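Student: Sequence first, then the predicted structure, then my questions.
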Number of protein chains: 2
Amino acid sequence: MTVSDNKLQEAIDTLRDSGVRITPQRHAVLEYLLNSMIHPTADDIYKALEGKFPNMSVATVYNNLRVLRKIGLVRELTYGDSSSRFDYNSSEHYHIICEKCGKIQDFHYPTLDEVESLAEQVTGFDVSHHRMEIYGECEECQQPETQKH
Amino acid sequence: MTVSDNKLQEAIDTLRDSGVRITPQRHAVLEYLLNSMIHPTADDIYKALEGKFPNMSVATVYNNLRVLRKIGLVRELTYGDSSSRFDYNSSEHYHIICEKCGKIQDFHYPTLDEVESLAEQVTGFDVSHHRMEIYGECEECQQPETQKH
DNA sequence: GACTTTAATTATAAGAATTATAATATAATA
DNA sequence: TATTATATTATAATTCTTATAATTAAAGTC
């Protein structure tokens, strides 16, 4: 049994505990997110699974992503243009995003708890969470283009 | 002359320096953003200005927001659902967002430069900037509802 | 101040992402 | 196995945003 299988089992238990039905499509979306390193869009997931589920509707992917987000298994990452990306909510980490090629890479950093507590004091909000993303140019995109004419 | 007038003049100088034409519509969008505390959507701006510019197209608002964003005068804030919000890029600050009523409040905190430099070391990215948002429930929404039946 | 050039605006349509709806199918439970 | 509530499907509708083409106007030059 791999680590990934373990996580999947945990996630399925969470579904059960939340009273959310475990359908084959939902299972597949969850499994795909768990094994995906690319922070896929809803359409990425749809395309990846249409081989196994030829009749699956894209709405099903969206519905499941919403359900999984609500019970905290999945994070939604939004950017100005184009579509949202989704991330299995395993361990706490941030994201660094290449502004040239769009690649999203995980970046581990201690959680900024102090920001949250200060914000609570200053604003009176009851803080639930925060998000942070770092933007720049990835190593590949920094390489000088060799095939310049 | 108010502080806001000063800022507006500075912004207009930036436009001129960037070779961007100063049209009445563009001026109005900029002025509205400068005086707005609500982090408006494109549609908010459109609605606010259609009295003064009855023939203005919503595309004009989007075009101007894109131009203003490109030259760094305006920030775009994106969230999962619904439309982007826009913020005049005055001093560095973060945002705290109420998950119940959607209100966005400014939150001043020292810029997290160390996160950026660490990210550069760890990932090899050439970092340009970062964003952070804090989520929670604002003071008003925390008030117990008085008119419960 | 009129002329010229280039960018901005307008009106409209198109595009893309996401959600709503209603009918059907199915997971979970008794 | 039968029941019931939820999930799925197929489709249409919505919403936000961008593209297009024709018209208008800003800013510099004579």
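Tutor: Noted; the coordinates are in hand.

Student: who's in contact with residue A:68?
Tutor: A:26, A:29-30, A:33, A:74 (CB atoms under 8 Å, 6 or more residues apart in numbering or on different chains). Every residue, glycine included, has its C-beta placed from N, CA and C.

Student: Now do the buried residues in the helix or strand where it lies.
Tutor: Following DSSP states H and E, one finds residue A:68 within helix A:58-70. For helix A:58-70, a neighbour-count test (16 or more other CB atoms under 10 Å in any protein chain shown) marks A:60-61, A:64-65, A:67-69 as buried.

Student: One more: stretch A:102-111?
Tutor: Buried, per 16+ other CB under 10 Å, within stretch A:102-111: A:103-105, A:107, A:109.

Student: Kindly report the same for stretch A:68-81.
Tutor: Under the neighbour-count criterion of 16+ other CB under 10 Å, stretch A:68-81 has A:68-69, A:73-79 buried.

Student: List the buried residues in the longest strand anywhere in chain A.
Tutor: Scanning chain A for the longest strand, with DSSP state E as the assignment, gives strand A:126-137. The neighbour-count check on strand A:126-137 (16+ other CB under 10 Å) flags A:127, A:130-137 as buried.

Student: filter these down to the ones near chain B?
Tutor: A:127, A:130-137 (CB under 8 Å from any CB of the partner chain).

Student: In a markdown table: these, plus pLDDT.
Tutor: Formatted as a markdown table, these follow (pLDDT from 0 to 100):
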| residue | pLDDT |
| --- | --- |
| A:127 | 93 |
| A:130 | 90 |
| A:131 | 87 |
| A:132 | 90 |
| A:133 | 89 |
| A:134 | 91 |
| A:135 | 90 |
| A:136 | 90 |
| A:137 | 89 |
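
Student: May I have the phi/psi pair for residue A:124?
Tutor: phi 80, psi 0 (degrees, to the nearest 10).

Student: Who are the contact partners of the closest residue to it other than its chain neighbours?
Tutor: Of all residues not flanking residue A:124 in the chain, residue B:139 sits nearest, at 4.1 Å (CB to CB, 6 or more residues apart in numbering or on different chains). The contact partners of residue B:139, taken as CB under 8 Å, 6+ apart, are A:123-125.

Student: circling back: could you list which of the buried residues of helix A:58-70 also contact DNA strand D?
Tutor: A:60, A:64, A:67 (CB under 7 Å from any atom of the strand).

Student: Does the second one touch residue A:29 like I think?
Tutor: Meaning residue A:64. Yes - applying CB atoms under 8 Å as the test, residue A:64 and residue A:29 come out as touching, 4.6 Å apart.

Student: center of chain A, which residue is that?
Tutor: Centroid-nearest residue in chain A, with CA atoms, centre = their mean: residue A:87, separated by 1.1 Å.

Student: Could you check which helix or strand contains that residue?
Tutor: Short version, using DSSP H and E: residue A:87 is in strand A:85-88.

Student: Residues contacting that strand, please?
Tutor: A:7, A:11, A:30, A:33-34, A:36, A:39-42, A:45, A:65, A:69, A:73-79, A:95, A:104.

Student: can that strand be found next to DNA strand C?
Tutor: No - Strand A:85-88 stays clear of DNA strand C (CB under 7 Å from any atom of the strand), getting no nearer than 8.5 Å.

Student: How about residue A:48, nearest residue that isn't a chain neighbour?
Tutor: residue A:32 (5.8 Å).

Student: Show the contacting residues for that neighbour.
Tutor: Contact partners of residue A:32, counting by CB under 8 Å, 6+ apart, are A:40, A:45, A:48-49.

Student: What are the neighbouring residues in contact with residue A:73?
Tutor: Contacts of residue A:73 by CB under 8 Å, 6+ apart are A:11, A:14-15, A:30, A:88-89.

Student: Looking at those, which is nearest DNA strand C?
Tutor: Distance to DNA strand C across these (CB to the nearest atom of the strand) is lowest for residue A:15, with 7.6 Å.

Student: Find me the pLDDT at that closest one, would you?
Tutor: Residue A:15 carries a pLDDT score of 92 in this model.
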